[in-house]
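Engineer: with the input below, show me the fold.
(2 chains)
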Number of protein chains: 2
Amino acid sequence: MNSSNPVRGTRDISPEEMKLRKELEDKILSAFKSAGYNHIETPAIENLDLLMDSEGGENLRMLFTIAKRGKKFKPTENSTVSDLCDTGLRYDLTLPLSRYYSNNKESLENPFKSIQIGNVYRAERPQKGRFRSFKQCDIDIIGDHTIGAEIDLIHTISKALLEVGLDNFVIHLSDRKLLNAYIESFGFDKDQVGTIAISLDKLDKIGKDKVIDELVSKGLNKEKITELVNKAQDISLEEVKKLTGLDETCSNLERIIKAVNETSDGKYKIEFDFSLVRGMGYYTGPIFEIKWGEDAKSIAGGGRYDDMIGKTSKTSEPAVGFSIGFERLVDILMNVVELESEPVKKVLLLCDANKDNMADVISVADKFRAEGYVVSMANKKKNLGKQINKAKDKGYSYLYVYGRDSELKEL
Amino acid sequence: MNSSNPVRGTRDISPEEMKLRKELEDKILSAFKSAGYNHIETPAIENLDLLMDSEGGENLRMLFTIAKRGKKFKPTENSTVSDLCDTGLRYDLTLPLSRYYSNNKESLENPFKSIQIGNVYRAERPQKGRFRSFKQCDIDIIGDHTIGAEIDLIHTISKALLEVGLDNFVIHLSDRKLLNAYIESFGFDKDQVGTIAISLDKLDKIGKDKVIDELVSKGLNKEKITELVNKAQDISLEEVKKLTGLDETCSNLERIIKAVNETSDGKYKIEFDFSLVRGMGYYTGPIFEIKWGEDAKSIAGGGRYDDMIGKTSKTSEPAVGFSIGFERLVDILMNVVELESEPVKKVLLLCDANKDNMADVISVADKFRAEGYVVSMANKKKNLGKQINKAKDKGYSYLYVYGRDSELKEL
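Structural biologist: Next up is the predicted model:
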């Protein structure tokens, strides 16, 4: 392995990609802010107790944990990760938000509408397009129990996506309460719901048969499971309503769908998708995911998690969040859709740094900069022709040789 | 300790501060880009070997190291940090840049002018205004051996500081070669230079007498040390030139001073300061630091480090860097100088999310947003008066109650 490679599962970002990322991030941030969300930032490091607590230790596998320092680092054969580590890198932005909210509740608006844009870290097996360090753009509303919150989040994220040049996406919508009631309607127990939901979540990826196999191998009744899975695939909201009797939950979804479709101007749509599960265990109500393109790439996801904030603040708070997967979005915008942006007018200003009067050289550079050019000063090399050709390759479109030229020359 | 506090030595950032930070970062980035620098990003995580190699293991104390995962985490009583950890958090942006440059050299411009804006992590004792996670804004030039590089960096950083509203700062300039020759001129050996330099670096903080005491306690000759320290405090460039005989080094500094002063338009100045040492061991030529205000707060620092890049790429490359301490700058701009920025016109749009037609509510909100207002939709609470008063406290200047109002009402 080359020692100058970045850490496995992470990557360096080139100037070309950074330009796109910066434009994207600014547009997303501006769309979020325009809808009254508040930009906050929390550290990449969180206390290990908090990180391990949130999902019952299950996510320890994917945590990057940070070793204690100095005398506190005392390994023995029986030392566990928790013995030797005190902090770790955050794996999402929801947990830090809960902590932030608990700590600052008194001084924040209610409901509090937050924006977080930052990297999260997961020690998962790196795959093509999947990194161990990646950026998320989250908006959350804490303190609103109405579906106004869901509608606001979905509308705001959709507008942000339109702003960056993406349209024709589909918002998939379901509700965890419906899924739970559906599973129970087949005679399964409450404590079997989680397992079944996790397998159902894979319908998209591994298909019906493998999901059934997986659940049967967990010891569940084959006949019931087969019916449950078959029915789940294309069931309508009407049918789910009949089956579960959860009229209010269903009519809330109907109202979300109506409000979003009526304001989408035909540029995107929202539909009920009962096969949507969303991995995280903390969701308690509506869940949603945005898919785009022929292969239905997921570019954003979220849902309501009413019980999570209570955990750290001791008073339960309703909360809903929606998160854009920034890397996926960058990938699409670099390879499929092209983001329109102003061309940069780059000038190479050559001088002899050891001889010329550098104050005069700088004055010339600043004059062009004030006119909107990007001006890079550089020391003239012996082989001027080669230097100029290389500059052309690197996107310079103008040349100015100090002491020779009186105006910019096009390359 | 409150479990909802951020990790010791780190902090959460409020929406008010984030607004300032974003404006600052954008202005700095834009000034850097205008001078032809290229924005890149590297991961916060680096391989431990690389992190420990760079400063001879001396910086292990301040490293946040990340534990190996799964079966690779096998502690015993004799396990060292390197046995149990494989990566760590970067403590500066120079090391990642060297790695990036070595890995991408072939495809980069020469000289390569880079911008990096990102957080670095140091497990130092947290103090007022000193954090364990903090942001730096670096520009570097790799591949230019002339003082054109130093002049370019100093001019560009100065313009960035002017852009964010800071002026009357002083750029302190010296050269490591002079310091080394000066120390040797008192009869000390080459291998004593480092120790003496480290103590001299503290002149500002602990004063002359304590520096002398410190060096004498290290076993150095009191008479020589006293003379060395006394003379170092206010020595002029002329005198240093005579004492060391390094004519070219000195005339290079003179030319940097001339170029910078002649282009500063009287808004800042640069001066020779022989007491400037700069902590890092890797500097090989000119070093510089920007100080501001009555208490001469350091807000930026850098220097030439010609031998470092060679370390990973196996071919030595000249390199110079300059770094703005973003947290210090934010601190000054929040508390001393006020950054002028456009006021945000915030509208609170109240509706009944359970009753009103949300599509219509959104249309109203979007109409005001298109006119430049920030519009936050919220569910109307029972005590409307209280809700409105709280909104006023939070900076909302307009109200629109859906179904009641036909236009915005000033609060």
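Engineer: rest of the way, CA atoms for contacts and neighbours
Structural biologist: OK.
Engineer: in a strand, A:Leu173, correct?
Structural biologist: Yes: membership of A:Leu173 in a strand is supported by DSSP: H, G, I helix; E, B strand; the rest coil.
Engineer: quick check: the gap between it and chain B.
Structural biologist: A:Leu173 is 17 Å from chain B, where distance means Cα to the nearest Cα, to the nearest Å.
Engineer: for that residue, list the residues it contacts.
Structural biologist: A:253, A:270-274, A:276, A:286-289 (Cα atoms under 8 Å, 6 or more residues apart in numbering or on different chains).
Engineer: burial count for A:Arg21?
Structural biologist: Close neighbours of A:Arg21, defined as other Cα atoms under 10 Å in any protein chain shown, add up to 19.
Engineer: after the worst-scoring helix or strand of chain A on mean pLDDT, next one along is what?
Structural biologist: Taking mean pLDDT, DSSP states H and E as the measure, chain A has helix A:308-313 as its least confident helix or strand, at a mean of 67. Next in sequence after helix A:308-313, counting helices and strands by DSSP states H and E, comes strand A:319-325.
Engineer: in the stretch 251-400 of chain A, which spans are strands?
Structural biologist: Ranges of strands within the stretch 251-400 of chain A are A:269-272, A:286-292, A:297-304, A:319-325, A:346-351, A:374-379, A:398-401, based on DSSP state E, counting those that start in this stretch.
Engineer: so what strands line up beside the third one?
Structural biologist: Note on strand A:297-304: by DSSP bridges, its sheet partners are strand A:286-292 (antiparallel), strand A:319-325 (antiparallel).
Engineer: now do the contacts for the nearest residue to A:Lys291 once chain neighbours are set aside.
Structural biologist: Take A:Lys291 and drop its neighbours on the chain: the residue closest to it by Cα to Cα, 6 or more residues apart in numbering or on different chains is A:Ser298, 4.4 Å away. A:Ser298 is in contact with A:289-292, A:328, counting by Cα under 8 Å, 6+ apart.
Engineer: tell me which of these is nearest to B:Asn383?
Structural biologist: Distance ranking of the contacts of A:Ser298 against B:Asn383, using Cα to Cα, places A:Glu289 first at 34.8 Å.
Engineer: got the buried residues for stretch A:4-20?
Structural biologist: Neighbour counts over stretch A:4-20 (16 or more other Cα atoms under 10 Å in any protein chain shown) mark A:4-15, A:17-18, A:20 as buried.
Engineer: how about stretch A:100-118?
Structural biologist: A:100-103, A:109-118.
Engineer: which residues touch it?
Structural biologist: For stretch A:100-118, using Cα under 8 Å, 6+ apart, the contacting residues are A:29, A:32, A:36-42, A:93, A:135-144, A:309, A:312-313, B:4-6, B:12, B:378, B:390-391, B:394.
Engineer: can you tell me how far A:Glu410 sits from A:Tyr400?
Structural biologist: Distance of A:Glu410 to A:Tyr400, computed by Cα to Cα, to the nearest Å: 9 Å.
Engineer: I should have written A:Met358 there, sorry.
Structural biologist: 15 Å.
Engineer: repeat for A:Ile206
Structural biologist: Per Cα to Cα, A:Ile206 is found 60 Å from A:Tyr400.
Engineer: mind checking which of the two has more residues around it?
Structural biologist: A:Tyr400 (22 against 12).
Engineer: ok, what's across the strand from the closest residue to that one other than its chain neighbours?
Structural biologist: Excluding its sequence neighbours, the residue lying closest to A:Tyr400 (Cα to Cα, 6+ apart) is A:Leu349, at 4.8 Å. Under DSSP bridges, the beta-bridge partners of A:Leu349 are A:Met377, A:Tyr400.
Engineer: ok, A:Leu349 - contacts?
Structural biologist: Taking Cα under 8 Å, 6+ apart, we find A:Leu349 in contact with A:365, A:375-378, A:399-402.
Engineer: what domains does the record give for chain A?
Structural biologist: For chain A, the structural domains run A:15-335, A:346-410, going by automatic domain parsing.
Engineer: can you pull out the strands in the stretch 101-250 of chain A?
Structural biologist: Going by DSSP E, counting those that start in this stretch, the stretch 101-250 of chain A shows strands at A:112-121, A:133-142, A:170-175.
Engineer: for those, give me CSV that also has distance to A:Gly70 and mean pLDDT.
Structural biologist: As requested, those are exported to CSV (distance: least, Cα to Cα, whole Å; pLDDT from 0 to 100):
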stretch, distance to A:Gly70, mean pLDDT
strand A:112-121, 25, 98
strand A:133-142, 27, 97
strand A:170-175, 48, 97
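Engineer: contacting residues around whatever residue of the stretch 201-350 of chain A ends up closest to chain B?
Structural biologist: When distances are taken as Cα to the nearest Cα, the stretch 201-350 of chain A reaches nearest to chain B at A:Ala259, 4.4 Å away. With contact taken as Cα under 8 Å, 6+ apart, A:Ala259 is in contact with A:151, B:357-359.
Engineer: one more time with 6 Å, if that's ok
Structural biologist: B:358-359 (Cα atoms under 6 Å, 6 or more residues apart in numbering or on different chains).
Engineer: flag every residue of the stretch 1-150 of chain A that's near chain B.
Structural biologist: Taking Cα under 6 Å from any Cα of the partner chain as the test, the list of the stretch 1-150 of chain A residues beside chain B reads A:4, A:7, A:12-15, A:34-36, A:38-42, A:46-47, A:65-67, A:75-77, A:99, A:103, A:148.
Engineer: among those, which ones are in helices?
Structural biologist: A:15, A:34, A:99, A:103, A:148 (DSSP state H).
Engineer: point out the most buried one among the strands paired with strand A:297-304.
Structural biologist: Greatest average neighbour count among the strands paired with strand A:297-304 goes to strand A:319-325 (a mean of 25), per mean count of other Cα atoms under 10 Å in any protein chain shown.
Engineer: that one vs strand A:112-121, what angle?
Structural biologist: Strand A:319-325 runs at 40 degrees relative to strand A:112-121, counting by axes from the mean of the first three to the mean of the last three Cα atoms, to 10 degrees.
Engineer: what mean pLDDT does strand A:319-325 have?
Structural biologist: Averaged over strand A:319-325, pLDDT sits at 97.
Engineer: what segments of the stretch 201-350 of chain A are helices?
Structural biologist: For the stretch 201-350 of chain A, the helices defined by DSSP state H, counting those that start in this stretch cover A:203-206, A:208-217, A:222-234, A:237-244, A:247-262, A:308-313, A:326-335.
Engineer: low-confidence ranges in the stretch 1-150 of chain A?
Structural biologist: Low-confidence segments of the stretch 1-150 of chain A, defined by pLDDT under 70: A:1-2, A:54-59.
Engineer: let's see 90
Structural biologist: A:1-3, A:52-62, A:70, A:124-130 (pLDDT under 90).
Engineer: sweet, I'm off.
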